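**Student:** Pasting the sequence and the predicted coordinates here, then a few questions.
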Amino acid sequence: MMFRHVFYKASTATMAPLKKLQTFKGFSRKVEMAGESDQSITRVLFCGPYFSASHVYTREYVENNPFIKVDDVPLDDVPRVIGNYDICVVKTMPLKADLISRASRMKLIMQYGVGLEGVDVNAATEHGIKVARIPGGATGNAASCAEMAIYLMLGLLRKQNEMQIAVKQKKLGEPIGETLFGKTVFIMGFGNIGIDLAKRLRPFGVKILATKRSWESYSRKSFKSDGV
């Protein structure tokens, strides 16, 4: 992932969307003599123990750019080093006020995903740090999650683990699985992921039920087009 997504201006009251694909030229300090000063480098820190491919791919993507440095450090080291970075990509760890107060150089906190519940947005606002996330619909994240959900459904119904064992043991006709066809699927939370899941489930011949906090923005036409 790179840092060209929908960005949000952190506010103590609301989070107002800014323009899509906004770039942050200010993150790279003015370069007078390339490579001679750490002040000319944009330093990116990935925080969290999972999704290791995220920082690996990002590092590979910018490997020919001498002005961007990407690091991934152990969680225990984050409080000690966070003050050295311009951008923090938060994966699966909370970024609370005490950590944010140490981020004296930080310009942007990027949530690796949709939810910002792990980031203290108010603390970031107080320190002049922008906060961003990866929207599900515009980035392919929702489609990926929907496909994974269907894969897990099929694996559960077809008893994938037992099937692998049967194949290795050359047993034909075992285990006896079930079809997705004719089932009722209940989707709890009908946002971008839920909608994508419903659309992909329709060809399987299932009945779809869904719930969300508010249906006010949905019309009957929307229900039909989204597969509910």
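**Tutor:** Alright, I've got the coordinates.
**Student:** Only C-alpha atoms from now on, for both contacts and neighbour counts.
**Tutor:** Fine.
**Student:** where exactly do the strands run in this protein?
**Tutor:** Under the criterion DSSP state E, the chain contains strands at 7-9, 16-17, 42-47, 68-72, 87-90, 108-111, 130-132, 184-188, 207-211.
**Student:** How about the contacts made by residue 154?
**Tutor:** Neighbour list for residue 154: 179-180 [criterion: Cα atoms under 8 Å, 6 or more residues apart in numbering].
**Student:** Could you check how far it is from residue 188?
**Tutor:** Shown here: residue 154 relative to residue 188, a distance of 18 Å by Cα to Cα, to the nearest Å.
**Student:** hmm, who's touching stretch 168-187?
**Tutor:** With Cα under 8 Å, 6+ apart as the criterion, stretch 168-187 contacts 153-154, 157-159, 162-163, 166, 194, 198, 204-211.
**Student:** now, which of those residues lie within helices?
**Tutor:** Among these, DSSP state H puts 153-154, 157, 162-163, 166, 194, 198 in helices.
**Student:** Quick one, which of those residues are buried?
**Tutor:** Among these, those classed as buried by 16 or more other Cα atoms under 10 Å are 154, 163, 194, 198.
**Student:** pLDDT weak spots in this protein?
**Tutor:** 1-39, 218-228 (pLDDT under 70).
**Student:** Pick out the residue closest to the middle of the chain.
**Tutor:** residue 113 (1.9 Å; Cα atoms, centre = their mean).
**Student:** which phi and psi does the nearest residue to that one once chain neighbours are set aside have?
**Tutor:** Nearest residue to residue 113, sequence neighbours excluded (Cα to Cα, 6 or more residues apart in numbering): residue 134, at 5.1 Å. Dihedral pair for residue 134: phi -100, psi 110, per degrees, to the nearest 10.
**Student:** Wait, residue 134 touches residue 116, no?
**Tutor:** No: using Cα atoms under 8 Å, residue 134 is not in contact with residue 116; the gap is 9.8 Å.
**Student:** Have a look at those two and say which one is more surrounded.
**Tutor:** More neighbours surround residue 134 than the other of residue 134 and residue 116, with 22 against 18 (other Cα atoms under 10 Å).
**Student:** From residue 162, how far off is that one?
**Tutor:** Taking Cα to Cα, one finds residue 134 at 37 Å from residue 162.
**Student:** Would you mind listing the residues in contact with residue 74?
**Tutor:** 47-49.
**Student:** which residue ranges form the helices in the chain?
**Tutor:** For the chain, the helices defined by DSSP H cover 52-61, 78-81, 97-100, 121-126, 136-139, 141-157, 160-168, 192-201, 220-225.
**Student:** could those go into a markdown table alongside distance to residue 177?
**Tutor:** Output for the helices of the chain, formatted as a markdown table (distance: least, Cα to Cα, whole Å):
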| stretch | distance to residue 177 |
| --- | --- |
| helix 52-61 | 34 |
| helix 78-81 | 47 |
| helix 97-100 | 49 |
| helix 121-126 | 47 |
| helix 136-139 | 32 |
| helix 141-157 | 6 |
| helix 160-168 | 9 |
| helix 192-201 | 19 |
| helix 220-225 | 30 |
